[in-house]
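Engineer: this one's sequence-less:
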Ligand SMILES: NC(=O)c1ccc[n+]([C@@H]2O[C@H](COP(=O)([O-])OP(=O)(O)OC[C@H]3O[C@@H](n4cnc5c(N)ncnc54)[C@H](O)[C@@H]3O)[C@@H](O)[C@H]2O)c1
Ligand SMILES: O=c1ccn([C@@H]2O[C@H](COP(=O)(O)OP(=O)(O)O[C@H]3O[C@H](CO)[C@@H](O)[C@H](O)[C@H]3O)[C@@H](O)[C@H]2O)c(=O)[nH]1
């Protein structure tokens, strides 16, 4: 299949490379010249495990190309829209200008039989609206909605071996044709018995935002329990283990700590509330406001606990921040709880020296007022406190004895409940965590 992927960010670049890996002829299109230059040279424009290798192998086969020129889409048959849908400034709703611009730029190059495939996470109703733009430009082209569920850090694996596929297609013969194109694109995954849900546009759009709303709710649920654990001396990690043994609950996504961030969960639960309100279902999702509020309180709690570790004052104290990305194995700092806490510590008078294995350049651009180090040890030298805010493997594996040698004082906040309290306390550290005694 000849495929374009419009929007080559965290989602689109991985999708394009994986589609080429599966044997398709792929053209990635983006308006960002620098990104296209990097990708054309076989360089990943962001950190994602496995992507550089995939870009190299796909580029060598000649099956993967990149351009900023939309007119080149004319030679391709299926077109994925994977551009950003960020939160609008000062509002909960999603900013749809990128999706609309991409659809409009593409529409003029569509030919009979083409399939436009929405991948971006969008407010319900978008597919039906874009289908009209497609039909107005090319009556014999169709549109499908095929939401994406990949996780950053596992993006390649999730794209090549998805948990499920969802196709939102129009009714009747048009839907059959769209399904046949998607089946050809995903032949390998379907051959591996990947569950497939074929449905209408609105259901497909709602599957995506419902999944993210559920994941966000699960995280805020356990963080709410962590708040109660904090005032009772209970241990939220043991509560999560124990309730997680119940197969109806499950242990995954029950890690209490600093809460969720990134370019997806926070903005998606807000856009979902905004859209439900527009559609007259205002009451349905009010609980997501609480999910959001619990999540934001974690960041405040982390700053408060750091202040407590420092005898009540952050002013003039050196705090070593370990982790800036919103999660490990990513350089993504969009709505990162770690970076937010680092900035709040700095704003409240601490001297923050931060280290992250991949996210320092991005963090530096957004928060030039912070100081940055090139290793955990350098960040921690003479520090009054160490705060672990992203659970990178190299932080989880720190040796508390050796690591304690260069710090000014052995105070540590485990913002992700990712360290062994007994080991750290045995090495003389004053250990604090969120939801753990
Ligand atoms: N990042 C993820 O893990 C992930 C997973 C599933 C779904 N999504 C959804 O996918 C969409 C993209 O997310 P992302 O994280 O890749 O965002 P991103 O910001 O990393 O990438 C978006 C890309 O679109 C490009 N773009 C903007 N306008 C364009 C236009 N008119 N034509 C061509 N390109 C254009 C930008 O230059 C950018 O490279 C969002 O809707 C997001 O919610 C993301
Ligand atoms: O038990 C947990 C699990 C995650 N997190 C945090 O939640 C955030 C999101 O994590 P994760 O969902 O793994 O990362 P994303 O890459 O943002 O992926 C989410 O958002 C994507 C974009 O919509 C979806 O495709 C994925 O299915 C969905 O998991 C991160 O800040 C994590 O630190 C927790 O605090 N506790």
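Structural biologist: Received the coordinates, thanks. Bear in mind the structure is a predicted one, so any value in this text is a computation, not a measurement. Ligands and ions are numbered 1, 2, ... in the order given.

Engineer: close to ligand 1: what parts of the chain are there?
Structural biologist: Along the chain, the residues adjacent to ligand 1 under the rule Cβ under 6 Å from any ligand atom are 6-12, 29-32, 35, 82-85, 98, 101-102, 105, 120-121, 148, 150, 152, 263-264. Placement of C-beta: from N, CA and C, glycine included.

Engineer: these in helices, which ones?
Structural biologist: Those of the residues of the chain next to ligand 1 mapping onto helices are 12, 35, 98, 101, 102, 105, per DSSP state H.

Engineer: circling back to that earlier point, just the buried subset of the residues of the chain next to ligand 1, please.
Structural biologist: Listed as buried from the residues of the chain next to ligand 1 are 6-12, 29-31, 35, 82-85, 98, 102, 120-121, 148, 150, 152, 263-264; burial here means 16 or more other Cβ atoms under 10 Å.

Engineer: what is the burial count for residue 81?
Structural biologist: 25 (other Cβ atoms under 10 Å).

Engineer: also the one 5 residues further on?
Structural biologist: Residue 86: 15 surrounding residues under other Cβ under 10 Å.

Engineer: near ligand 2, list only the ones from the buried ones among the residues of the chain next to ligand 1.
Structural biologist: Applying Cβ under 6 Å from any ligand atom to those, one finds that 121, 148, 150, 152, 264 fall near ligand 2.

Engineer: tell me the two of these that are most distant?
Structural biologist: Greatest spacing in these, by Cβ to Cβ: 121 and 152 (13.5 Å).

Engineer: contacts only, for residue 29.
Structural biologist: Going by Cβ atoms under 8 Å, 6 or more residues apart in numbering, residue 29 touches 4, 5, 6, 7, 8, 66, 67, 68, 69, 70, 72, 73.

Engineer: from residue 265, how far out is it?
Structural biologist: Separation of residue 29 from residue 265 (Cβ to Cβ, to the nearest Å) stands at 27 Å.

Engineer: ok, residue 133 touching residue 106?
Structural biologist: No. Residue 133 is beyond contact range of residue 106, at 9.1 Å (criterion: Cβ atoms under 8 Å).

Engineer: and the helices in the stretch 51-200 of the chain?
Structural biologist: Assigned by DSSP state H, counting those that start in this stretch, the helices in the stretch 51-200 of the chain fall at 51-61, 97-107, 126-137, 155-160, 172-185, 187-191.

Engineer: picking that back up, show me the contacts of residue 29 that map onto strands.
Structural biologist: Among the contacts of residue 29, the members found in strands (DSSP state E) are 4, 5, 6, 66, 67.

Engineer: now tabulate those in CSV and tack on distance to residue 184 and pLDDT.
Structural biologist: Shown next, in CSV, are the ones in strands among the contacts of residue 29 (distance: Cβ to Cβ, whole Å; pLDDT from 0 to 100):
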residue, distance to residue 184, pLDDT
4, 15, 98
5, 16, 98
6, 19, 99
66, 23, 98
67, 23, 98
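
Engineer: that older thread, could I get the helices of the stretch 51-200 of the chain as JSON lines with mean pLDDT?
Structural biologist: Listed next are these as JSON lines, based on pLDDT from 0 to 100:
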{"stretch": "helix 51-61", "mean pLDDT": "93"}
{"stretch": "helix 97-107", "mean pLDDT": "98"}
{"stretch": "helix 126-137", "mean pLDDT": "98"}
{"stretch": "helix 155-160", "mean pLDDT": "98"}
{"stretch": "helix 172-185", "mean pLDDT": "98"}
{"stretch": "helix 187-191", "mean pLDDT": "97"}
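
Engineer: okay, these in a markdown table with distance to residue 115 next?
Structural biologist: Shown next, in a markdown table, are these (distance: least, Cβ to Cβ, whole Å):
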| stretch | distance to residue 115 |
| --- | --- |
| helix 51-61 | 22 |
| helix 97-107 | 12 |
| helix 126-137 | 9 |
| helix 155-160 | 19 |
| helix 172-185 | 5 |
| helix 187-191 | 15 |
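
Engineer: between those, which one is closest to residue 45.
Structural biologist: Closest to residue 45 of the helices of the stretch 51-200 of the chain is helix 51-61 (Cβ to Cβ; 9.4 Å).

Engineer: just give me the neighbour total for residue 56.
Structural biologist: 14.

Engineer: try the one 3 residues further on
Structural biologist: Counted with other Cβ under 10 Å, the neighbours of residue 59 add up to 18.

Engineer: check residue 293 too.
Structural biologist: For residue 293, the neighbour count with other Cβ under 10 Å is 11.

Engineer: same question for residue 402.
Structural biologist: 10.

Engineer: for my notes, confirm it occurs in a helix.
Structural biologist: Yes. Counting by DSSP: H, G, I helix; E, B strand; the rest coil, residue 402 is located in a helix.
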